[in-house]
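Visitor: I'll drop the sequence and a predicted model, then ask my questions.
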Amino acid sequence: MRGLLARWWIAVLAWPILLFATAYQLEELASTVRNFYGEKAELRVRAWRQTINDGHDLSEADQLRSINDFFNQMQFVDDIDVWGQEDYWATPVEFLGAAAGDCDDFSIAKYFSLIELGVSDEKMRLVYVKSLTYNQFHMVVAYYETPSSIPIILDNINPNILPATQRGDLVPIYSFNGQHLWLMKEKGRGQLAGKSSRLKLWTDLQQRWRLNKLKKPVKNFDA
């Protein structure tokens, strides 16, 4: 999370969601992951796809719990130790391939998995916060059941999904979804600060995702 606010550039124009309609497409992904990251990574990706498949029959509340629990099994490790870079936003496949990542990677993987399950982008935000417990910047997913609802927070620090009003350890700073960027206030949903497409750390991630490019971690974090 070093230099997080200084690198507040993201581009979210369109996220190419993984919709594996056939067993053949899943086997292609599994083979690619196995060859690039190894057999344990393949098993993690298969488990992810099974979680997505099973999640289509769940209520939205249960989808949140399922995805939050699944990704919180990964290890928290700083980007510099996983990817050899101060700040690197991994795709969900890269995150599962490494079996480790920082809060960005946890949140991005949860966010886009929930979108694939049909949760509306309008109901979710990726939120930069200050963690008072750890005195550092952090990222979480906020889910709004309705536009006026108090959001609930999906987090890797605290595995329990709780209302934001019960997370006094987090101070919101910025938030964004696929369309917009907000400057957060103490109360409410924040002040609109423009389209998220005017920002930019996500451009590289989006391009890698579309071109099926994968990055190898600098260290093997397989359990």
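Guide: Thanks, I have the structure now.
Visitor: strands of this protein, start to end?
Guide: Along the chain, the segments classed as strands by DSSP state E run 75-76, 100-101, 124-131, 136-143, 152-154, 162-163, 170-176, 180-183, 191-195.
Visitor: in terms of mean pLDDT, which of those ranks lowest?
Guide: Lowest mean pLDDT within these: strand 191-195, at a mean of 46.
Visitor: out of the strands of the chain, flag the one nearest D69.
Guide: strand 152-154 (9.9 Å; C-beta to C-beta). For glycine as for every other residue, the C-beta is placed from the backbone atoms N, C-alpha and C.
Visitor: tell me, how many neighbours does L170 end up with?
Guide: 20 (other C-beta atoms under 10 Å).
Visitor: quick one, what contacts it?
Guide: 129-132, 138, 140, 153, 155, 164 (C-beta atoms under 8 Å, 6 or more residues apart in numbering).
Visitor: circling back: which one of the strands of the chain lies closest to E28?
Guide: That would be strand 100-101 among the strands of the chain, by C-beta to C-beta, at 23.7 Å.
Visitor: quick one: contacts of that closest one?
Guide: If you take C-beta under 8 Å, 6+ apart as the criterion, strand 100-101 is touched by 74-77, 79, 82, 90, 95, 217, 221.
Visitor: pLDDT at the closest residue to G118 other than its chain neighbours, what is it?
Guide: Nearest residue to G118, sequence neighbours excluded (C-beta to C-beta, 6 or more residues apart in numbering): H56, at 7.4 Å. Each residue has a pLDDT score; the one for H56 is 94.
Visitor: so H56 is in contact with E116, correct?
Guide: No. If you go by C-beta atoms under 8 Å, H56 and E116 don't touch, sitting 9.3 Å apart.
Visitor: I am finished for the moment; much appreciated.
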